[in-house]
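Enquirer: One predicted model, sequence on top.
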Amino acid sequence: MLSRTADNLYWITRYMERAETMARLLAVGGRMALLPSTAAGYHSEWESLLQASGTAEGFARKYGEPVQRNIESYFFFDRDNPSSVAACIGRARENARIVRTALTTQVWDTLNSAFQEMRALERRPRSELDLATLTDWTMRQSALLRGAIDGTQLRNDGWDFLNLGYFLERADNTARVLDVKYYVLLPGVEFVGSGLDNYQWTTLLRAMNAQRGFHWAYGGEVTATKIAHFLILNDMAPRSLFTSVEGMTTHLDRIARTYGRSTEVQSKARSLLAELSELAVDDIFEEGLHEFLTRFIGEVAGIGATIHDVYLSGDQR
Amino acid sequence: MAPAVFNEMYDGGKVRPPYRQLEDWTADMPAALRSLKQKEAEALFRRIGITFAVYGEGGDPDRLIPFDMFPRVFTAAEWTRLERGIKQRARALNAFLMDVYGRGEIVRAGRIPGRLVYRNEAYEKAVAGFVPPRGVYSHIVGIDLVRTGPDEFFVLEDNCRTPSGVSYMLENREIMMRMFPALFQENRIAPVDSYPDLLRRTLTSVAPAKCDRDPTIAILTPGHFNSAYYEHSFLADLMGVELVEGQDLFVEGGLVYMRTTQGPQRVDVIYRRIDDAFLDPLCFRPDSALGVPGLMDAYRSGGVTICSAPGAGVADDKAIYTYVPEMIRFYLGEAPILQNVPTWQCGRDEDLGHVLDNLPELVVKEVHGSGGYGMLVGPKSTREQIAAFADRIKANPSNYIAQPTLALSTVPTFVDEGVAPRHVDLRPYCLVGERVELVPGGLTRVALTEGSLVVNSSQGGGVKDTWVLAE
């Protein structure tokens, strides 16, 4: 397949995964704002969303104080925010338009309809659109696309590049959200394990849509250790770092088999997976969660860069 | 006094035979159903993504070309004559190209002035003396035709480079079949869906000398911001070939490769949808980011075939157009089946006077213009517009040609008030490779504004499905 085609496929899913993360963050923020106990933490909740999505600076430049309505607009509609849902869906759709021929009608239809509906949403008065409508809509589009890809795409290398985009973006997104929650939100190390701490962790679970899954898997009290295990090392949690890296490895290995050639990127992904499978939560806390996550984000970015060099740039001879 | 307009459906109150079934079809269709179907068609076009993208003008970048559901119909006999005429013309144009990039017999014989050929902007000195595979220069010839009477067809212009619009011919048919299956059961309509296969076969048949296996074909597009990108990707898909941009290709050792996830892969035939000037920055425009450095060297050494051949544009120039009937006589020894529209060259003193004296009755076009821009439709223009245009002609006469205002035929068309006649033209797509082929159909463009003669989509034109009835 053309390298550029593979590149477009890979970015379709990266953008859609990113759009979903944005919607999840937004949903959590909206929910937190409704709880009486957050009256004091109200400001920092929204602030933390901006931090988690890496858009705090752009937002401050455009709007100043984090007011809910502005944040909603910025996260959802604002084209000046490269990570907004509208921007992500727009770019996912543009990437899809470029490689129309590598997609099934259903997949194209899903993306194109999402794009058209997005435009319709943009034309409606903002007062008619509550937060839940916007976030539910985004997650539904994301689910529809995933289903269309899974149900109709040929299991060829194109399918693998689509999935690589999903898993790589998810690994990065989960790690970032986790990092921000821990590092940015907690005012000081003395709060670790405090009531405030646990409260933040619960928010995190909600952001990952994993509250129920968590209770099924662990039961009992919510503790930092359990949550870290769940979101980093648990192979059942759909958005955990382990699951994401495992997904990357699976699809990279499939590509290597199809092409009859294994490259450095396969070994990089496999060694990251091996590290995760041997790790215990205590090891992570010992290294320092922030230090661990920073290293992890770096390694995922490294794998992303190698995927680009080996497959997407077309420079490989 | 305007000449009588030929209505392709009604011949003085009587319905002409090819349109008989359609009379009942429209009569039976309630207005509500019609607007429902029209909406359905639009939704289909939008959903499939058959749009042309207009960037930089604001608003929705994805525009639809208005689709009119009322088909345009030809009888088998009418088509047979058109087909012969179109193929004849496509052969002569290719013979002309081979000649002017070779010995130039037609110029030596004094049948065409040498300056029109060799000093033409579209004449590509870089390929003089080179003969492409099978001597074919223009592999897809789009011939724009207009009709003025039952048997009167005129060629308005030839398109020898990269005529666009064929995806509309195919999709208009698809959508009509989806919306009105009964129409296709009642009428015997010749299918057009073999076009992609024929195109593929045509491109395969012109594989270069250095290709010793099943040739790999690619369509070269300027990119996804190009207004015709949908068509490029549509054709690539239907033919099962890669759609590449310049950056996806590179030249090494006189051969062309595409960059793939598994390393370089040879490309043998390139159906390019970019202009000559952007093909190869080393040979043409050094500032072009669209092209492939070294492509022309690979081409001239037989490493790759470029369709249409660089330089093919000299045959469809509006100044050369006048001489196409002469080419048919000169190379084929036949009488032209399709007529040219009488054309005055403003660059010729004797013609210029006539043109300036008769501007209100004439259509004046720029020699290199396209898309309906930079033209004057005399009978539809104000005195001021005509005066202003006269000044432009006087400033640079050789840049203009003039033709009488033809009474383009009309076909019934759905309008707000019901059904009304609107002017149409026709662009069939003739394929030239090992064989010369033509699918029974083409793109009918319709001027949706009452009385308008400008059918270009950029100027408010729409499209129709074009039927050729089987015997």
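Expert: Cool, got the structure. Computed from a prediction, not measured in an experiment: that's the story for all the values here.
Enquirer: okay, CA-based contacts and neighbour counts for the rest of this
Expert: Will do.
Enquirer: Residue of chain B nearest chain A, please.
Expert: Per CA to the nearest CA, the residue of chain B with the smallest distance to chain A is B:Thr260, at 4.0 Å.
Enquirer: what about that residue, distance to A:Tyr311?
Expert: Note on B:Thr260: its distance to A:Tyr311, by CA to CA, to the nearest Å, is 7 Å.
Enquirer: what touches both of these two?
Expert: A:Ser3 (CA atoms under 8 Å, 6 or more residues apart in numbering or on different chains).
Enquirer: which element is B:Pro412 on?
Expert: Per DSSP states H and E: B:Pro412 is located in strand B:410-415.
Enquirer: Tell me the helix or strand right after that strand.
Expert: Using DSSP H and E, the first helix or strand after strand B:410-415 is strand B:418-427.
Enquirer: Report all helices and strands that that following strand contacts.
Expert: strand B:140-147, strand B:410-415, strand B:443-447 (3 or more CA pairs under 8 Å, 6 or more residues apart in numbering or on different chains; DSSP states H and E).
Enquirer: Tell me where chain B is predicted with low confidence.
Expert: B:1-3, B:49, B:52-62, B:369-373, B:458 (pLDDT under 70).
Enquirer: Next to chain A in this structure, residues from it, please.
Expert: Applying CA under 8 Å from any CA of the partner chain, we find that chain B lies next to chain A at B:47-49, B:224, B:233-234, B:236-237, B:242, B:244, B:248, B:258-264.
Enquirer: Check the offset of the helix or strand encompassing B:Leu33 from the chain's centre.
Expert: Using DSSP H and E, B:Leu33 sits within helix B:31-48. Between the centre of helix B:31-48 and the centre of its chain there are 27 Å (CA atoms, centre = their mean, to the nearest Å).
Enquirer: Need the contact partners of it.
Expert: With contact meaning CA under 8 Å, 6+ apart, helix B:31-48 is reached by A:109, A:112-113, B:51, B:64, B:67, B:69, B:175, B:179, B:418.
Enquirer: Show the residue spans covered by the helices in chain B.
Expert: B:20-27, B:31-48, B:76-100, B:105-108, B:114-118, B:166-179, B:181-186, B:195-205, B:229-239, B:295-300, B:318-321, B:324-327, B:349-357, B:383-395 (DSSP state H).
Enquirer: could you dump those helices to TSV with mean neighbour count?
Expert: Formatted as TSV, the helices of chain B follow (neighbours: other CA atoms under 10 Å in any protein chain shown):
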stretch	mean neighbour count
helix B:20-27	13
helix B:31-48	15
helix B:76-100	20
helix B:105-108	15
helix B:114-118	15
helix B:166-179	19
helix B:181-186	12
helix B:195-205	20
helix B:229-239	21
helix B:295-300	22
helix B:318-321	21
helix B:324-327	21
helix B:349-357	16
helix B:383-395	15
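Enquirer: Switch those over to JSON lines; also include distance to B:Leu448.
Expert: Putting the helices of chain B into JSON lines (distance: least, CA to CA, whole Å) gives the following:
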{"stretch": "helix B:20-27", "distance to B:Leu448": "18"}
{"stretch": "helix B:31-48", "distance to B:Leu448": "15"}
{"stretch": "helix B:76-100", "distance to B:Leu448": "25"}
{"stretch": "helix B:105-108", "distance to B:Leu448": "42"}
{"stretch": "helix B:114-118", "distance to B:Leu448": "36"}
{"stretch": "helix B:166-179", "distance to B:Leu448": "17"}
{"stretch": "helix B:181-186", "distance to B:Leu448": "23"}
{"stretch": "helix B:195-205", "distance to B:Leu448": "27"}
{"stretch": "helix B:229-239", "distance to B:Leu448": "23"}
{"stretch": "helix B:295-300", "distance to B:Leu448": "42"}
{"stretch": "helix B:318-321", "distance to B:Leu448": "26"}
{"stretch": "helix B:324-327", "distance to B:Leu448": "31"}
{"stretch": "helix B:349-357", "distance to B:Leu448": "28"}
{"stretch": "helix B:383-395", "distance to B:Leu448": "23"}
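Enquirer: For B:Gly462, find the nearest of these.
Expert: Among these, helix B:166-179 comes nearest to B:Gly462, with 10.5 Å by CA to CA.
Enquirer: so B:Arg300 touches B:Gly129, yeah?
Expert: No - B:Arg300 lies out of contact with B:Gly129 (CA atoms under 8 Å); the separation is 9.8 Å.
Enquirer: re earlier: I'd like to check the angle between the strand holding B:Pro412 and helix B:20-27, please.
Expert: 20 degrees (axes from the mean of the first three to the mean of the last three CA atoms, to 10 degrees).
Enquirer: Sort out which residues of strand B:410-415 are buried, please.
Expert: B:410-414 (16 or more other CA atoms under 10 Å in any protein chain shown).
Enquirer: Over to stretch B:305-322?
Expert: For stretch B:305-322, by 16+ other CA under 10 Å, it's B:305-322.
Enquirer: Confirm for me that B:Gly135 is in contact with B:Met98.
Expert: Yes - B:Gly135 is in contact with B:Met98 according to CA under 8 Å; the separation is 6.4 Å.
Enquirer: Near chain B, which residues of chain A? Just list them.
Expert: A:1-4, A:6, A:97-101, A:109, A:112-113, A:259, A:310-312, A:314-317.
Enquirer: In strands only, show me the buried residues of stretch B:305-322.
Expert: Those of the buried residues of stretch B:305-322 mapping onto strands are B:305-307, per DSSP state E.
Enquirer: just the residues you listed now: which is nearest B:Ala4?
Expert: B:Cys307 (41.4 Å).
Enquirer: so who does the closest one touch?
Expert: By CA under 8 Å, 6+ apart, the residues touching B:Cys307 are B:137-139, B:203, B:269-272.
Enquirer: any idea of the mean pLDDT for stretch A:120-139?
Expert: Averaging pLDDT along stretch A:120-139 yields 90.
Enquirer: distance between the ends of that stretch?
Expert: Distance between the two ends of stretch A:120-139: 17 Å, counting by CA to CA.
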